[in-house]
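Peer 1: got a predicted model here, sequence first, then my questions.
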Amino acid sequence: MRRSSWKTLIGPGVLLAFVILAVLGPMLIDFDPVSVNTRQRLLPPLSRLPDGSYAIFGTDQLGRDVLAQILVGARVSLGIAIASGLFAALVGAAVGIAAGWTGGSTGEAIMRVIDVQLSFPSILIAVFLAAFIPASILTVIVVLAVTRWAAIARLARAITLKVTSQSYVESALVSGLPTWRIITSCVLPNLAAPLLVLLTADLSLIILAEASLGYVGLGTPPSVPSWGRVIANGRNFLDNAWWISTIPGVAISLLVIAIGLTGELLRRHFARDGWTML
Amino acid sequence: MISYVLRRIVIAILTTMAAVTATFIMLRIAPGDPIAVLLGDMASDAEIADARQAYGLDLPIWQQLMVYLGRASTLDFGQSIAQGTSVRELVLSHFPHTLLLAASTMLVVIILALPIGIYTAVRKGQSASHATNAASLVALSLPEFWTGIVMILIFSRMLRWLPSGGAESGWSLIMPTITLALPLIAVNLRLMSTETINVLRAPYITMARARGLPRGSILRRHVIRNALIPVVTVGGIQLGHLLGGAVIVETVFNWPGVGQLLIRSIGIRDYPVVQGCLILMTFSVIVTNMLVDFAYRLIDPRFRRG
């Protein structure tokens, strides 16, 4: 990396910290985030709890520790975002490569569907689907993947079309290499870098969308604490407990900013190697 | 142009029908009997039988779809379960609020994003442009509903300047507008800035400079007008997204628009209203996108002749 200063590493560093907290956090904190303890309701940040420990980010109206909810929420939000991003990437890449490879009217038809989907706000599509399907973690993953696969498919098709017009693919075809071999050895390597950059941007969008769905009650079921849900819960206590809504929002924003910086870093890195986003 | 307009209208109608069909399919995917889902738990057997006939559920599935499409074309989804009023009236009475919020947001975005975008392009590489870049990254990373809550906390709870929700006075419009505008300003500002930089590099600008035209006149007559073309397209798409996607912000501020009605109706399983909202929102997105395409062709001279 050219002139790699410590500043460029802030983004990936914060992202890494979030991943570590999401994985280890719930284990480190000996606290049940959904247990109710009315003796320690609505305590401000840095209060001392009856059991002698400190509630660094305060407690909510049921006496639940906000920090613990953020840590469990980090695991839920990151888990959902990664699962749904990978799902969207898998489906999008498969459809996009197929559309680009076969070309012709089928490919065109698929692209039309994708263009139509992309003309709608993704939150409307997510609400549309979530309105009719009962809430579960799997539902959220699928719904969010549906909102993101189209852009990935469009990218995959464009790359496939570009690659298949190259002479090395023609010679591979002439030499009788099976289609799947050409796709794995010619198309996929060309797709990897731009897909990674797009997927990073998608990860941010998915995290924001998941939180939004959680906020309006269409996200994970009530038993699973997600960031959006905690913020929605604190909305009713703005007068006497500002910390319930605000602090988890800072966590979401920090994570999304960190992902944005990481994505920018990846994009620049690949651009230097001669990769360009289509 | 006329054949293009006609083709676009046909595509818009087909897209609307596809969206309505999607709602039809989702109603059937939803667990339980569609009529039981539609009417809720409190419906009597007679009501269920009536509804079954009204929706033509005794007919073959494709005829059911035709009946549904016919009813959807007039937003006829019967009565709201919760309020007992006609779904059409309920949904249409919320629509002006969504329209107002979308319009005020776009206005704020245009007033702020365009001048700042041009300014940062002219001052490329200076600290002002770095600052706006950083600010746009942050603006795009904040969850909308959270920005809204923080504003409520500061401006209505602590300072008591603005109402925290509802639409009783013009003051209620301010916070939802700013919340929605913030990320859009970030996007449009960057776009305006890149486009301006691109146009500034074009040979005809060098030519204009060589002819000795005054700087302000070059900027106004050549740079800005050309740089605006892509921004207008993106702005139009954003307007469509505001009409169909202000769901979250409307909910945060309890703004009585279609999005807030949609979320509330999902929460109480008022499915006739849910359908009405979804179809009105998808329709307004489709119509806006179509109008944007027309506008784009009108303002871009390259399209006028072809």
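Peer 2: Perfect, thanks for sending it.

Peer 1: use CA for all of it now, contacts and neighbours both
Peer 2: Noted.

Peer 1: ok, how many other residues are close to the residue lying closest to residue B:299 once chain neighbours are set aside?
Peer 2: With C-alpha to C-alpha, 6 or more residues apart in numbering or on different chains as the criterion, residue B:299 has its nearest non-adjacent residue at 7.2 Å, and that residue is residue B:229. Using other C-alpha atoms under 10 Å in any protein chain shown, the number of residues around residue B:229 comes to 18.

Peer 1: same check on residue B:205?
Peer 2: 17.

Peer 1: list the residues that contact it.
Peer 2: Applying C-alpha atoms under 8 Å, 6 or more residues apart in numbering or on different chains, we find residue B:205 in contact with B:199, B:218, B:222-223.

Peer 1: I figured the residue nearest to residue B:299 was touching residue B:296, is that so?
Peer 2: Yes - using C-alpha atoms under 8 Å, residue B:229 is in contact with residue B:296, at 7.3 Å.

Peer 1: and residue A:111, how close does it get to residue A:95?
Peer 2: Separation of residue A:111 from residue A:95 (C-alpha to C-alpha, to the nearest Å): 10 Å.

Peer 1: ok, residue A:244 next?
Peer 2: Residue A:244 is 42 Å from residue A:95, by C-alpha to C-alpha.

Peer 1: what's the answer for residue A:210, then?
Peer 2: Residue A:210 is 24 Å from residue A:95, by C-alpha to C-alpha.

Peer 1: of these two, who's got more company?
Peer 2: residue A:210 (29 against 22).

Peer 1: what sits against residue A:221?
Peer 2: Counted by C-alpha under 8 Å, 6+ apart, residue A:221 has contacts A:135-137.

Peer 1: assign it to helix, strand or coil.
Peer 2: coil (DSSP: H, G, I helix; E, B strand; the rest coil).

Peer 1: may I have the phi/psi pair for residue A:48?
Peer 2: Main-chain dihedrals, residue A:48, degrees, to the nearest 10: phi -90, psi 130.

Peer 1: report the separation between it and chain B.
Peer 2: Using C-alpha to the nearest C-alpha, to the nearest Å, residue A:48 is found at 25 Å from chain B.

Peer 1: for residue A:79, same thing?
Peer 2: Going from residue A:79 to chain B by C-alpha to the nearest C-alpha gives 18 Å.

Peer 1: go through the helix or strand hosting that residue and flag the buried ones.
Peer 2: Using DSSP states H and E, the element containing residue A:79 is helix A:66-102. Within helix A:66-102, the residues scored as buried using 16 or more other C-alpha atoms under 10 Å in any protein chain shown are A:66-101.

Peer 1: how about the helix or strand following it and chain B, any contact?
Peer 2: Sequence-wise, the next helix or strand downstream of helix A:66-102 (DSSP H and E) is helix A:104-118. Yes - on the criterion C-alpha under 8 Å from any C-alpha of the partner chain, helix A:104-118 is in touch with chain B at residue A:116.

Peer 1: give me the next element, helix or strand, following helix A:104-118.
Peer 2: That would be, after helix A:104-118 and using DSSP H and E, helix A:122-132.

Peer 1: and the stretch 151-300 of chain B, which of its residues are near chain A?
Peer 2: Residues of the stretch 151-300 of chain B lying near chain A (C-alpha under 8 Å from any C-alpha): B:153, B:157, B:237, B:240-241, B:244-245, B:247-248, B:251, B:263, B:266-267, B:274, B:278, B:282, B:285-286, B:289.

Peer 1: generate a PyMOL selection restricted to the buried subset of those.
Peer 2: Under the burial definition 16+ other C-alpha under 10 Å, those of these that qualify are selected in PyMOL by:
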select buried, chain B and resi 153+157+237+240+241+244+245+247+248+251+263+266+274+278+282+285+286+289
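
Peer 1: in helices only, show me the residues of the stretch 151-300 of chain B next to chain A.
Peer 2: B:237, B:240-241, B:244-245, B:247-248, B:251, B:263, B:266-267, B:274, B:278, B:282, B:285-286, B:289 (DSSP state H).

Peer 1: report the buried residues of the longest helix seen in chain B.
Peer 2: Using DSSP H, we find that the single longest helix of chain B is helix B:87-122. Buried residues in helix B:87-122, defined by neighbour count with 16+ other C-alpha under 10 Å: B:87-88, B:90-92, B:94-95, B:97-99, B:101-106, B:108-110, B:112-114, B:116-122.

Peer 1: near chain B, which residues of the stretch 151-278 of chain A?
Peer 2: So the stretch 151-278 of chain A meets chain B at A:204, A:208, A:211-212, A:215-217, A:231, A:235, A:238-239, A:242, A:245-246, A:249, A:252-254, A:256-257, A:260 (C-alpha under 8 Å from any C-alpha).

Peer 1: quick one on the thing from earlier: what's the helix holding residue A:79 packed up against?
Peer 2: Packing partners of helix A:66-102 (3 or more C-alpha pairs under 8 Å, 6 or more residues apart in numbering or on different chains; DSSP states H and E): helix A:10-28, helix A:104-118, helix A:137-164, helix A:188-215, helix A:227-234, helix A:243-272.

Peer 1: now do that helix: distance to the chain's middle.
Peer 2: 6 Å (C-alpha atoms, centre = their mean, to the nearest Å).

Peer 1: again, but for stretch B:267-287
Peer 2: Using C-alpha atoms, centre = their mean, the offset of stretch B:267-287 from its chain centre is 13 Å.

Peer 1: for it, give the mean pLDDT please.
Peer 2: Averaging pLDDT along stretch B:267-287 gives 89.

Peer 1: need the residues that contact that stretch.
Peer 2: Residues outside stretch B:267-287 that contact it (C-alpha under 8 Å, 6+ apart) are A:119-120, A:128, A:131, A:217, B:12, B:15-16, B:19-20, B:23, B:37-40, B:72, B:75-82, B:87-88, B:90-91, B:240-241, B:243-244, B:258-259, B:261-262, B:265-266.

Peer 1: equivalent analysis for stretch B:168-184, please.
Peer 2: B:101-102, B:104-106, B:108-109, B:136, B:139-140, B:144, B:147-148, B:151-152, B:162-167, B:238, B:246, B:249-250, B:253.

Peer 1: how about a cut-off of 7 Å?
Peer 2: Residues from elsewhere that reach stretch B:168-184, judged by C-alpha atoms under 7 Å, 6 or more residues apart in numbering or on different chains: B:101, B:104-105, B:108-109, B:139-140, B:144, B:147-148, B:162-163, B:165-166, B:249, B:253.

Peer 1: could you export that stretch as CSV, CA atoms only?
Peer 2: Provided in CSV are the C-alpha atoms of stretch B:168-184 (Å, rounded to 0.1, in the frame of the first residue of the first chain):
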residue,chain,number,x,y,z
GLU,B,168,-50.5,20.5,13.2
SER,B,169,-48.5,23.4,11.9
GLY,B,170,-45.8,24.3,9.3
TRP,B,171,-43.2,23.9,12.1
SER,B,172,-43.8,20.1,12.1
LEU,B,173,-42.5,19.9,8.5
ILE,B,174,-39.0,21.1,9.4
MET,B,175,-37.5,18.1,11.2
PRO,B,176,-38.8,15.4,8.9
THR,B,177,-37.6,17.5,5.9
ILE,B,178,-34.1,17.9,7.3
THR,B,179,-33.8,14.2,8.3
LEU,B,180,-34.8,13.1,4.7
ALA,B,181,-32.7,15.8,3.1
LEU,B,182,-29.4,15.1,4.9
PRO,B,183,-28.3,11.9,3.0
LEU,B,184,-29.7,13.2,-0.3
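
Peer 1: now residue A:84: how far from chain B?
Peer 2: Taking C-alpha to the nearest C-alpha as the measure, residue A:84 falls 19 Å from chain B.
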